[in-house]
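*Asks:* my questions concern the predicted model and sequence given below.
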Amino acid sequence: MGGNDSYASLCLGNWNYFAALRNEKRSSKLEATHLEKAKELYTNVLKRKTANLFAANGVGLYLAEKGQFDGARDLFTRGTTYAQIPDVWINTGHVYFAQGYFMLAVKMVGMSSFSSSIFAIFCVSTRTHYEAEEWQECRRTLLRAIHLAPSNYTFRFNVGVVMQKFSASTLNKARKNVDEVRETVWSRRMLSGYLVDCLQTSSSSTSCI
């Protein structure tokens, strides 16, 4: 088949993939049908064109949804040798995150420098630091996100959550120095400001941590 046929197959595969993952209440049987159809379409393209990055990425997404993380990672990392597109790096980061390799997850999403993917990049980085209980790195990541997307109140809300976690962890430590106590007091003050910002806008919505 020609290039146009591959493109059509990829588009239809994407439609089926996202249909399987849509947010509204859905039938598990219908979800499985869409997912299997997406896999079939991606695989057919990959058989015809083994170097097709988008088809490999699609099959990788399918494997990740099925919990086959090693296979998914192999496909995603294969893609990184062909082109630097945001989806490949971010999806690889998601797989590493699911496997508990938090620092590798941060490294992978950091490889994507495309502004169109800023929300996904910072969400994965933030969640990774959050799960590792690296509160200061988590906060710094969110502050960079706010600098680049000041109107995104999800980031502001998450900074408040992280500051609260940092304060609680510091105060619960058996031994803490003066600098840590000062940092905790500062975090508490900043926390109030961020939460007030969130309450005063209707833009605050789903958090990423």
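*Replies:* Alright, I've got the coordinates.
*Asks:* what's near enough to touch the residue most central in space within the chain?
*Replies:* The chain has Val124 as the residue nearest its centroid, 3.6 Å off, counting by C-alpha atoms, centre = their mean. Counting by C-beta atoms under 8 Å, 6 or more residues apart in numbering, Val124 makes contact with Ile90, Gly93, His94, Phe97, Ala105, Val106, Val109. Placement of C-beta: from N, CA and C, glycine included.
*Asks:* distance of it from Met108?
*Replies:* 8 Å (C-beta to C-beta, to the nearest Å).
*Asks:* what sits in contact with each of those two?
*Replies:* By C-beta under 8 Å, 6+ apart, the residues touching both Val124 and Met108 are Ile90, Gly93.
*Asks:* what's the closest of the contacts of Val124 to Gly71?
*Replies:* His94 (14.1 Å; C-beta to C-beta).
*Asks:* so for the helix or strand encompassing the closest one, what gets flagged as buried?
*Replies:* Here His94, judged by DSSP states H and E, is contained in helix 86-98. If you call a residue buried by 16 or more other C-beta atoms under 10 Å, then helix 86-98 has these buried ones: Pro86, Asp87, Val88, Trp89, Ile90, Asn91, Thr92, Gly93, His94, Val95, Tyr96, Phe97.
*Asks:* let me know the closest of the residues you listed to Phe155.
*Replies:* For the buried residues of helix 86-98, the nearest to Phe155 is Ile90 (17.1 Å; C-beta to C-beta).
*Asks:* still on that earlier bit, in JSON lines: the contacts of Val124, plus pLDDT.
*Replies:* Shown next, in JSON lines, are these (pLDDT from 0 to 100):
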{"residue": "Ile90", "pLDDT": "78"}
{"residue": "Gly93", "pLDDT": "80"}
{"residue": "His94", "pLDDT": "80"}
{"residue": "Phe97", "pLDDT": "81"}
{"residue": "Ala105", "pLDDT": "79"}
{"residue": "Val106", "pLDDT": "74"}
{"residue": "Val109", "pLDDT": "73"}
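*Asks:* can you redo the residues you listed as JSON lines with distance to Val45?
*Replies:* Output for these, formatted as JSON lines (distance: C-beta to C-beta, whole Å):
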{"residue": "Ile90", "distance to Val45": "21"}
{"residue": "Gly93", "distance to Val45": "24"}
{"residue": "His94", "distance to Val45": "22"}
{"residue": "Phe97", "distance to Val45": "27"}
{"residue": "Ala105", "distance to Val45": "28"}
{"residue": "Val106", "distance to Val45": "31"}
{"residue": "Val109", "distance to Val45": "26"}
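*Asks:* what is the nearest of those to Cys11?
*Replies:* Ile90 (20.1 Å).
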